[in-house]
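Q: Quick one, fold the following:
(one chain, ligands or ions: 2)
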Amino acid sequence: MGAALIRRPEGVKVTYRRMKFAFEDEGFERYWHGGSPFRSLFWTQLSTAFEPGEKFFIDSARALKGEIDDPALQEEIMEFCRQEGHHTAQHLKFDRMNAEMGIDIDGCRARYTRLLDRAREKLEPMEMLAATMALEHFTAGFADQYFSRPHISAGADRNVHALWAWHAAEEAEHKGTCFDIYRELGGGYFTRIITMPASWFLILALSVFNTFSLLRKDKKLWDLRDIFAGLWYLFGFRGLITGMLPSFLSYFSPRFHPWKTDNSQDIRDWQNEYGDLILNPVNPKPDPSPATAVS
Ligand SMILES: [Fe+2]
Ligand SMILES: [Fe+2]
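A: Ligands and ions are numbered 1, 2, ... in the order given. Okay, the predicted model is just below:
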C-alpha cells in the first residue's frame, strides 16, 4: 500500500456483534413506520435485498481475500463477512414475520436476486468488488442519513427501528473494508466510477418498483396522500435519497475514501444506546493498528 492513506479512525474496529431484537417476540404492525403504507413497505421491501445482496458482498470480498497480504485487513475481511452474515440472519427474521402477514416478500427478494445474479454472470472479480464498493457506499450513505436526520425514522416502531439502527451502525463501521481491499489490490479509478451510477440506479429503481408492487397488492395505490408524502420522504427536499446526493458526488473524486466522512462518534452513540441488545462480549478496545494519515 502507498503512503499517506486514510483508513478507519482509531477507536473504530469492525466487530461482529450477535444481536437479539425484541420485534421477534413482540411483533409489529404491518405499517410499522408511523402507520404509513408507503414508508413501511419501502423499508420492508428493502430488507429483502439483504439476503442476496450481502451474499454478493461476502462472495466479492472472499474471492480476493487470498491476494491480500496485510494481516489486519485480512482479519477485518473476516469480521466484515461475519457482520454481513448476521445482518442477513436478522433481516430474514423480519422478512419472515412480514411474509406471515401476507406481504409478498418472496417476490421482492426474487427481483433483487435476479438482478444480482445477472451482475455475477457478467462481472470479473475486481468488477464485482467495485459493484460491492458502490453498494456499500450506498448503504453507508443510508446510515449517514439515519444518523444525521432523525426525522427519517420518526414514528417508526421502536423495536423494528432497533434492527435498522444496528444495521446502520455496522454499515458505517465497515464502510471502508471493500474500498481498502480494492485499493490494496491496485483497483483502478475508471472501473470504480463507471460501476457506481449503474449500481445505485438499479438498486433504487428496483426499490421503488418493489414498493409500488407491495402497495398495489395492499390496494393502497389510491391513497395518493400517502404516496406523495412517501415520494417526498425519499426524493423531496431533505428526503432520504436527495440527502445522499453529496455522498454520491463525492465518490467521483480520485481522492475519495469512505472515511473522509467520519461516523465514529455515531457508532459510539449507537453502542451506548443499544448496547444491551448485544449478546456476545464485544471488545471496545481501539484498533491497535490503524493508519489515520490524511492523503
Ligand atoms: Fe449489511
Ligand atoms: Fe455492508
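
Q: Surely Gly53 is in contact with Arg111?
A: No: between Gly53 and Arg111 no contact is recorded; they are 11.8 Å apart, counting by Cβ atoms under 8 Å. C-beta coordinates here come from the backbone N, C-alpha and C atoms, glycine included.

Q: Those two: which is more packed in?
A: Just comparing Gly53 and Arg111: by other Cβ atoms under 10 Å the higher neighbour count belongs to Gly53, 25 against 19.

Q: In contact with the more buried one, which residues are there?
A: Residues counted as contacts of Gly53 (Cβ atoms under 8 Å, 6 or more residues apart in numbering) are Tyr112, Leu116, Leu135.

Q: ok, of those, which one's closest to ligand 1?
A: Leu135 (9.8 Å; Cβ to the ion).

Q: so is the closest one in a helix, a strand, or just coil?
A: The assignment at Leu135 comes out as helix when based on DSSP: H, G, I helix; E, B strand; the rest coil.

Q: which one is it nearest to, not counting chain neighbours?
A: Of all residues not flanking Leu135 in the chain, Ser199 sits nearest, at 5.5 Å (Cβ to Cβ, 6 or more residues apart in numbering).

Q: do Glu170 as well
A: Gln83 (5.0 Å).

Q: Remind me which helix or strand that neighbour belongs to.
A: Per DSSP states H and E: Gln83 is located in helix 71-100.

Q: Is that helix in proximity to ligand 1?
A: Yes: judged by Cβ under 5 Å from the ion, helix 71-100 comes into contact with ligand 1 through Glu84, His87.

Q: Tell me where the protein has helices.
A: Ranges of helices in the chain, per DSSP state H, are 23-26, 37-47, 50-65, 71-100, 105-122, 125-148, 158-173, 177-184, 189-217, 224-235, 245-250, 264-274.

Q: Tell me which residue lies farthest from the centre of this protein.
A: Farthest-out residue of the chain from its mean C-alpha position, per Cα atoms, centre = their mean: Trp222, at 30.7 Å.

Q: Residues touching stretch 197-211, excluding its own?
A: 38, 41-42, 45-46, 48-49, 107-108, 111-112, 115, 131, 134-135, 138, 230, 234, 241, 248.

Q: Relative to Gly107, how far out is the residue nearest to Asp106 when sequence neighbours are not counted?
A: The shortest distance from Asp106 to any non-neighbouring residue, by Cβ to Cβ, 6+ apart, is to Ala99 (7.1 Å). Distance, Ala99 to Gly107, by Cβ to Cβ, to the nearest Å: 10 Å.

Q: repeat for Pro254
A: Relative to Gly107, Pro254 is positioned 41 Å away (Cβ to Cβ).

Q: Of the two, give the one with the bigger neighbour count.
A: Between Pro254 and Gly107, counted using other Cβ under 10 Å, the more crowded position is Gly107 (14 against 7).

Q: low-confidence ranges in the stretch 151-295 of the chain?
A: Across the stretch 151-295 of the chain, the ranges flagged by pLDDT under 70 are 283-295.

Q: now with 50?
A: Filtered on pLDDT under 50, the stretch 151-295 of the chain yields the residue ranges 285-295.
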